[in-house]
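Peer 1: predicted model and sequence follow; I will ask about them next.
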Amino acid sequence: MNELEVIRRFDEPAKVIPLILDATDIPQDLLPIGPNNETLVLPTEARLAVTDHGVEAWLIAREYDSDDWPKFGDENVPLIKMPIVKSRIIRLTIETKGWHNLVKGKLALVDPFGAVPELTLTFSSSDQNNRGYWIRVFAKLLDSIGVEIEEDHEDSPF
């Protein structure tokens with residue numbers, strides 16, 4: 001079993017959290033690049049592991065002009081590793097919006113230059129059965145290492 005494989009048995013805890021990186025306001029020049037200078041094109045699949053030191057994120061890289069959307073199960077997927085040190089994490093906000101209860105996790109990070117109060121990475125889940133589950137697992141693991149967790153629930157206007 002490689003380090004990015006998600007355990008599929010219900011009675012064993014997940015080692016890696018499968019999410020989608022939907023959006024970020026981190027400037028492109030501050031984001032890591034892939035092994036062959038690939039850049040992040042969002043949205044992209046992500047795998048996250050929470051450790052005592054922070055978050056290890058593996059993100060699928062691809063070229064802007066490519067119509068190919070690689071998946072973690074594909075062979076030779078170019079990955080970008082993005083370590084996030086715990087001291088740089090401000091909080092995770094779990095956003096639940098609308099009548100369909102769309103759940104997103106917004107990870108707020110310290111701006112390394114102090115130009116803005118925070119920079120964010122926004123994650124969601126593609127799980128068809130329970131779209132909020134992996135965001136809540138991520139929140140629980142972050143909480144266990146002392147990261148602040150906030151809830152933001154916006155009801156449907158209808």
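Peer 2: All right, it came through fine.
Peer 1: which residue packs closest to Lys106, ignoring adjacent ones?
Peer 2: Thr93 (4.5 Å; Cβ to Cβ, 6 or more residues apart in numbering). To be clear about C-beta, it is placed using only N, CA and C from the backbone, and glycine gets the same treatment.
Peer 1: over to the one you found: give its phi and psi.
Peer 2: phi -110, psi 120 (degrees, to the nearest 10).
Peer 1: hmm, it is touching Glu118, no?
Peer 2: No: using Cβ atoms under 8 Å, Thr93 is not in contact with Glu118, being 10.4 Å away.
Peer 1: between those two, which contacts overlap?
Peer 2: By Cβ atoms under 8 Å, 6 or more residues apart in numbering, Thr93 and Glu118 have these common neighbours: Ala108.
Peer 1: these two: who's more crowded?
Peer 2: Each of Thr93 and Glu118 has its neighbours counted (other Cβ atoms under 10 Å); Thr93 has more, 18 against 13.
Peer 1: count of residues packed around Asn76?
Peer 2: Neighbour tally, Asn76, other Cβ under 10 Å: 5.
Peer 1: try the one 5 residues further on
Peer 2: For Lys81, the neighbour count with other Cβ under 10 Å is 11.
Peer 1: show me the shaky parts of this protein.
Peer 2: The model of the chain has pLDDT under 70 over residues 1-14, 99-100, 155-158.
Peer 1: which stretches of it form strands?
Peer 2: Along the chain, the segments classed as strands by DSSP state E run 17-24, 44-51, 54-60, 79-85, 89-97, 102-109, 119-124, 148-154.
Peer 1: Pro70 is nearest to which of those strands?
Peer 2: Pro70 lies closest to strand 54-60 among the strands of the chain, at 5.5 Å (Cβ to Cβ).
Peer 1: what lines up beside that closest one in the sheet?
Peer 2: strand 44-51 (antiparallel), strand 79-85 (antiparallel) (DSSP bridges).
Peer 1: what's in contact with the shortest one?
Peer 2: Strand 79-85 has contacts (Cβ under 8 Å, 6+ apart) with 31-35, 38, 40, 53-61, 107, 109.
Peer 1: circling back: need the strands paired with strand 54-60 in TSV (columns: distance to Val147).
Peer 2: What follows is the strands paired with strand 54-60, written out as TSV (distance: least, Cβ to Cβ, whole Å):
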stretch	distance to Val147
strand 44-51	9
strand 79-85	10
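Peer 1: deepest-packed of the ones you listed, please.
Peer 2: strand 44-51 (a mean of 19; mean count of other Cβ atoms under 10 Å).
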